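Asker: Predicted coordinates and the sequence they were generated for:
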Amino acid sequence: MARAKTVWGIDIGQCALKALKLREVQGQVEVEQFEVIPHPQILSGPDVDREKIIGDAIQRFLAGHSVAGTHVAISVPGQAAFSRFVKLPPVEAKRIPDIVRFEAEQQIPFPINEVIWRYQTFRDPDSPDVEVGIFAMKKSDVAQTLHHFNLASLKVDTVQVAPLALYNFMMFDEQADADGATILADIGADKTDLVVADRGRVWTRTIQIGGNNFTEALVRTFKLSFDKAEELKLSAASSKYARQIFQAMRPVFADLVQEIQRSIGFYTSLHRDTRFKKLVGLGNGFRLPGLQKFMEQNLNVNVVRVDGFSKLTLGAAVSAPSFHENVPGLAVAYGLGVQGLGRDKVGTNLLPEEIVRYRLWKRKRPSFIAAAVLLLSDLRQRQATKD
């Protein structure tokens, strides 16, 4: 039997820690375990001790799961990172790194020595053009993210931007349309990540509209506390006041759709031959009643809500009903797992280079010591022969 390879994808969102353990055997990817740990408070709320909440969530995760011997991949929010997509002039492949570095120094809005940056090339098979995605994050922000895991002695192997993890999920799980462009909208608590997949190309944007905006609309309309409005939002589908609830949230629906339209318009201005065929909806915010229909009517594309994954099988220890209930929030962790297994389309990693070099040295150190011992033994033998 082929040896299994496993990876934990860990996504710490505003409302919960979501983790997915994927296992690969003979080319098949299986969910071995998963975990969703809700936060006691939304991280973006006022007077919230983010450090304690995140630390407690990681400790609770480690109390129930072992990460020994597995690759660990974590996400960072799209709004915490810088992403820019640049079309390159026709050049020899060997010149691309120098040109990309020049572009990075021009585009990244921070001194280049203060950021960790990576890039990846993208090619449309029907076009000679080469596009480059440049992804960067301030070293201090990466260090802060890793600090939570370091305190728990949890070794991280991959740091990936959440929208790129979503792209890896979308491509691996075959959610993208093969004949046109697909836009994915992952509606979180305080923002929506947009990801475009277009014949080998990728483009991302983060919109500052999320589930909390819908809740706040209910707070204003019905004069409720935030918690009561959140309960009303979650029960809207079965409420006898569903129509009034929808009407209260309609302006937020309109704002979200307008931002998606702007994003589609901007992308098609850069790629005039692009035709969007589908919108893929993710996140618990996408469960709002009427949102899917509203989007279809206003965007004029087929809108599909992801309620299941097509390329994963569930292990014997995984509860199918519980897993499927949590599917809308697990896509980032899924994409992280795909990257950890080496099945990704975007393989950039914002883990600091000094950590990578140190771990490589530690792995090679036993070999260096063994080689030194052998060399010393050989020298002694030669000296003994001479004597």
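Answerer: Received it, and whenever you're ready, just let me know what you need. Numbering: from 1, shown residues only.

Asker: What are the boundaries of the helices in the stretch 201-350 of the chain?
Answerer: Taking DSSP state H, counting those that start in this stretch as the criterion, the stretch 201-350 of the chain carries its helices at 211-222, 226-234, 242-270, 291-299, 320-326, 331-340.

Asker: So, low pLDDT: which residues of the stretch 51-200 of the chain?
Answerer: Applying pLDDT under 70 to the stretch 51-200 of the chain flags the ranges 126.

Asker: one step back: a markdown table please, covering the helices of the stretch 201-350 of the chain and showing mean neighbour count.
Answerer: To be clear about C-beta, it is placed using only N, CA and C from the backbone, and glycine gets the same treatment. As requested, the helices of the stretch 201-350 of the chain are arranged in a markdown table below (neighbours: other CB atoms under 10 Å):
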| stretch | mean neighbour count |
| --- | --- |
| helix 211-222 | 20 |
| helix 226-234 | 17 |
| helix 242-270 | 16 |
| helix 291-299 | 16 |
| helix 320-326 | 12 |
| helix 331-340 | 30 |
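
Asker: right, and these - which one's nearest Gly200?
Answerer: Of all the helices of the stretch 201-350 of the chain, helix 242-270 sits nearest to Gly200, with 14.4 Å by CB to CB.

Asker: Give the rounded mean pLDDT of that closest one.
Answerer: If you average the pLDDT over helix 242-270, you get 93.

Asker: other SSEs contacting that helix?
Answerer: strand 181-187, strand 192-198, strand 201-207, helix 211-222, helix 226-234, strand 276-282, helix 291-299 (3 or more CB pairs under 8 Å, 6 or more residues apart in numbering; DSSP states H and E).

Asker: Now the helices of the stretch 201-350 of the chain in CSV, please, with extra columns for distance to Trp117.
Answerer: Output for these, formatted as CSV (distance: least, CB to CB, whole Å):
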stretch, distance to Trp117
helix 211-222, 31
helix 226-234, 38
helix 242-270, 22
helix 291-299, 33
helix 320-326, 33
helix 331-340, 18
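
Asker: Of all those helices, which one is nearest Pro38?
Answerer: helix 320-326 (10.9 Å).

Asker: Now do the closest one: everything it contacts.
Answerer: If you take CB atoms under 8 Å, 6 or more residues apart in numbering as the criterion, helix 320-326 is touched by Lys18, Val31, Phe34, Val36, Asp307, Gly308, Leu314.

Asker: Closest one to Val301 out of these, please.
Answerer: Asp307 (18.5 Å).

Asker: State the distance from the closest residue to the closest one other than its chain neighbours to Tyr241.
Answerer: Closest residue to Asp307 apart from its sequence neighbours, by CB to CB, 6 or more residues apart in numbering: Val327 at 6.1 Å. The gap separating Val327 from Tyr241 is 28 Å, by CB to CB, to the nearest Å.

Asker: which of the two has more neighbours?
Answerer: Using other CB atoms under 10 Å, the more surrounded residue of Val327 and Tyr241 is Val327, with 17 against 13.
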